[in-house]
Structures are given as structure tokens and as C-alpha cells.
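# sequence first, then the predicted structure:
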Amino acid sequence: MFKLEPRPQPSRLMGLASPLLALVVTVALGLGLFLLLDKDPLRGLQMFFWEPIRSPQAWSELGLKATPLLLIALGLAVCFRANVWNIGAEGQFIVGALAAGWVAMQADAGSSAAVMVPAILAAGVLGGMAWAGITALLRARFNANEILVSLMLVYVADLLLAYLVYGPWKDPAGFNFPQSISFLPVTKIPRLFDGSRLNIGVLIALGSALACWVLLFRSYLGFSLQVGGLAPAAARYAGFSSERALWTALLLSGAMAGLAGALEVAGPLGQLTPYVPAGYGFAAIIVAFVGRLHPLGIVLSSILMSMFYIGGELAQSRLGLPKSITGVFQGLLLFSLLACDTLIHYRLRRIATPAAAAREV
């Protein structure tokens, strides 16, 4: 028999290398998965790890996918470091998209892009903050569990989106499809290059990563948030407010998720549909932990996760695999990371069973 025994001193080097080891394990498991599905494993891995980066156009699509993942994961990293477990970023993403979509639908022929685009992004931020604020209020006022509250609010946001696009916001000229009107060109997020869908959202996301690094590691506020997460008793002794940390972390996380939603609907989507939720809010949890809750690591892990999204779409169209293959690879990466982290902090120790000990006597 075996048991897990804490290591006296976990390896710092192995801790940093754990995401890379998890990726290697994921690739190995992916090879086995393709073999079980009777698909060419090398062709399958090509869909996930080569096709998304093989050309400048592929890189632009990669950046487009990575932008919402990066923004949401940065906000979640602040929450998790403050020991606030926001699992409802998907709902905040949806409500941010709804708020941004409402502003976009107010545009007319006389509107200016210089006014509309900032207003759309600001609406997304405020929508995400408002939705996260519900969780913060219930946690602070009634000590409700933020994991359950934030998660259940995802389904409320999803139903709210469905109500609006099937009802009041449905395009009257849309042949009864559940979708809003197409947003006017003046509301679209400016693109970086002609012939590419990549827009300024990627620059906003990278700037947010830098700002997040400054907040976490070069500011008093970030220090107080992290102390509160690591040692709540010490934080209270030092005079740091746990309630302030709760509100700050959740509102910032909601703002980032809402901003991602605004960039999505006013960028590649161009309208509101029931398919606005793409699972980014849940996938960003994996991105945050694979990136070790560090802005630089999150930038890299968001690129990896966007490769899984694009690779999954290519595997569906070219290899005939189901849509769920993307979620399978995301899950493999998460569980591989958890396994690697467990073995870094614990070691397997063989223990003698009572029968074996009796034989030895």
C-alpha cells in the first residue's frame, strides 16, 4: 500500500516547470486519445499545436481567441491570490456583453466611433462589475459562499441573454432568428491590420497584463490583497480590511470579464446571439492556474488555451472529431497540472499492510 507524504522542502525549480511537465503529459495523453479514436495521432497533434501558428493569419486568429482568455484570467488571478473564489466569470462576461451590446444598439448614422467605442467598452466594464458586485454584496452582507453564488449567477446571466435575444432585442428583420440587430460599423472595435480580424483588444489585454503585474507586485493594494489571501489573521492584525479586499478583488475581476465580453460582441461577433457564451469564463480558470497566477505566465497559458480552441475547431472540420474534443484537452491539461503539483509537494511512500508486517515478524 502507498500513501502521500508531504515533502520536507518542495523543489522550487520543479514548481516552475510543472506547467511544462503538465503540457508534456497532456500531449502524451492526447496521442493515446487519438489512437483510441482511430485517428492519425500526428495529424491530430498538428491540428492543435501547428495549424494555429503556421501563418500570420493563424497568429491573428490566435490573438483574437487569446484576448478574452487573458483578460478574464488576469482578473481571476487577482481574486484567487486574495483567496476570493470567483467561479462566475462566465456570467460577468455575458452581462458585460449585454451592457456593451445595448450601447452599440443605440448608435445611428450620426454617431462617432471615437465616442461609441469607448462607451461600449465602459459599458462592458460596468456590466461585469455590477454582476460581480452581487456576489460581493451577498458574501459581505450574508456570508454567502462566493463559489456557489458566482456560479449560479452564470445561469441567470445565460437566461437573461436568451430572454433578450428571443424577445425585446430580437432583430425584427432577422427572419425570426434569436439575434439582435447587426451593430453599425461605427461601433466595431478598430482592427490592427487590414485583412485581419485582430483588433486593438489584444493591445488592451497586454496592457492589462502589465497593469496587473504592477498591481500585484509593486503596489500597496496588491500587497494587502495577497497578505489577506495567504494569512487572513495576519492581514487583520496589520489592519487590512478583508471586506475591502473582497470588494476590490471581485469588482476588478468582474470588470475584466465584462471588458472581455464587450470586446467580443463589438469585435468578431458584431451582434448579440445565444452563442455569446463560449466557455471563456470557465477556461480562464485553467489559464490562471496554468500561468501560476502570474501575469507573464497567464499571457503564455492564454496562448496555449487559445491553441486548444482553434485546434478543436480544426479537428472537428478536418478529422471529424466531436466538438467536445476542445474541452477534453482543457480537462487533460488541468488534471495533468494537478497531478504534477501533487507529486511536487507530496511523495508516494510505501507502507506495510498488517498482513505483510505479520509475515515479516
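Great, that's in hand.

# pull out the buried residues from the strand or helix carrying residue 212.
Assigned by DSSP states H and E, residue 212 falls within helix 201-217. Within helix 201-217, the residues that qualify as buried are 201-202, 204-206, 208-209, 212-213, 215-216, counting by 16 or more other Cβ atoms under 10 Å. The way it works is simple: take the backbone N, C-alpha and C, and place the C-beta from them, glycine included.

# stretch 306-323 too?
306-316, 319, 321.

# over to stretch 29-38?
For stretch 29-38, using 16+ other Cβ under 10 Å, the buried residues are 29-30, 33-34.

# in this structure, where's the longest helix?
Longest helix in the chain by number of residues, with DSSP state H as the criterion: helix 113-142.

# which elements pack onto that one?
Applying 3 or more Cβ pairs under 8 Å, 6 or more residues apart in numbering; DSSP states H and E, we find helix 113-142 packed against helix 89-105, helix 146-166, helix 242-264.

# what do you get if the cut-off is 10 Å, keeping everything else the same?
Applying 3 or more Cβ pairs under 10 Å, 6 or more residues apart in numbering; DSSP states H and E, one finds that helix 113-142 contacts helix 56-81, helix 89-105, helix 146-166, helix 242-264.

# got the angle for the third one vs helix 56-81?
With axes from the mean of the first three to the mean of the last three Cα atoms, to 10 degrees as the basis, helix 146-166 and helix 56-81 are set at 140 degrees to each other.

# can you dump the C-alpha coordinates of helix 146-166 into PDB?
The C-alpha atoms that make up helix 146-166 are tabulated as PDB, following Å, rounded to 0.1, in the frame of the first residue of the first chain:
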ATOM      1  CA  GLU A 146     -19.000  33.200  -3.300                       C
ATOM      2  CA  ILE A 147     -18.200  30.000  -5.200                       C
ATOM      3  CA  LEU A 148     -21.900  28.900  -5.300                       C
ATOM      4  CA  VAL A 149     -23.300  32.400  -5.700                       C
ATOM      5  CA  SER A 150     -21.000  33.400  -8.600                       C
ATOM      6  CA  LEU A 151     -21.500  30.000 -10.300                       C
ATOM      7  CA  MET A 152     -25.300  30.200 -10.100                       C
ATOM      8  CA  LEU A 153     -25.300  33.700 -11.400                       C
ATOM      9  CA  VAL A 154     -23.800  32.400 -14.600                       C
ATOM     10  CA  TYR A 155     -27.100  30.600 -15.400                       C
ATOM     11  CA  VAL A 156     -29.100  33.700 -14.500                       C
ATOM     12  CA  ALA A 157     -27.000  35.700 -17.000                       C
ATOM     13  CA  ASP A 158     -27.400  33.000 -19.600                       C
ATOM     14  CA  LEU A 159     -31.200  33.100 -19.200                       C
ATOM     15  CA  LEU A 160     -31.200  36.900 -19.300                       C
ATOM     16  CA  LEU A 161     -29.300  36.800 -22.600                       C
ATOM     17  CA  ALA A 162     -31.700  34.200 -24.000                       C
ATOM     18  CA  TYR A 163     -34.700  36.300 -22.900                       C
ATOM     19  CA  LEU A 164     -33.400  39.400 -24.600                       C
ATOM     20  CA  VAL A 165     -32.400  37.900 -27.900                       C
ATOM     21  CA  TYR A 166     -35.600  35.900 -28.200                       C
END
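
# that helix - contacts with which helices or strands?
Using 3+ Cβ pairs under 10 Å, 6+ apart, helix 146-166 sits against helix 89-105, helix 113-142, helix 242-264, helix 280-290.

# which of these is buried the deepest?
helix 89-105 (a mean of 29; mean count of other Cβ atoms under 10 Å).

# pLDDT weak spots in the stretch 1-150 of the chain?
For the stretch 1-150 of the chain, no stretch has pLDDT under 70.

# for residue 314, helix, strand, or coil?
helix (DSSP: H, G, I helix; E, B strand; the rest coil).

# helix/strand/coil for the nearest residue to it once chain neighbours are set aside?
Nearest non-adjacent residue to residue 314, counting by Cβ to Cβ, 6 or more residues apart in numbering: residue 47, 4.4 Å away. State at residue 47, reduced to three classes by three-state DSSP: helix.

# and what of residue 8?
Under three-state DSSP, residue 8 comes out as coil.

# residues contacting it?
residue 347 (Cβ atoms under 10 Å, 6 or more residues apart in numbering).

# please identify the helix or strand for the closest residue to residue 206 other than its chain neighbours.
Counting by Cβ to Cβ, 6+ apart, the nearest residue to residue 206 once its immediate chain neighbours are dropped is residue 299, at 7.3 Å. For residue 299, the enclosing helix or strand under DSSP H and E is helix 295-319.

# tell me the first helix or strand C-terminal of that helix.
Toward the C-terminus from helix 295-319 - assigned by DSSP H and E - lies helix 325-345.
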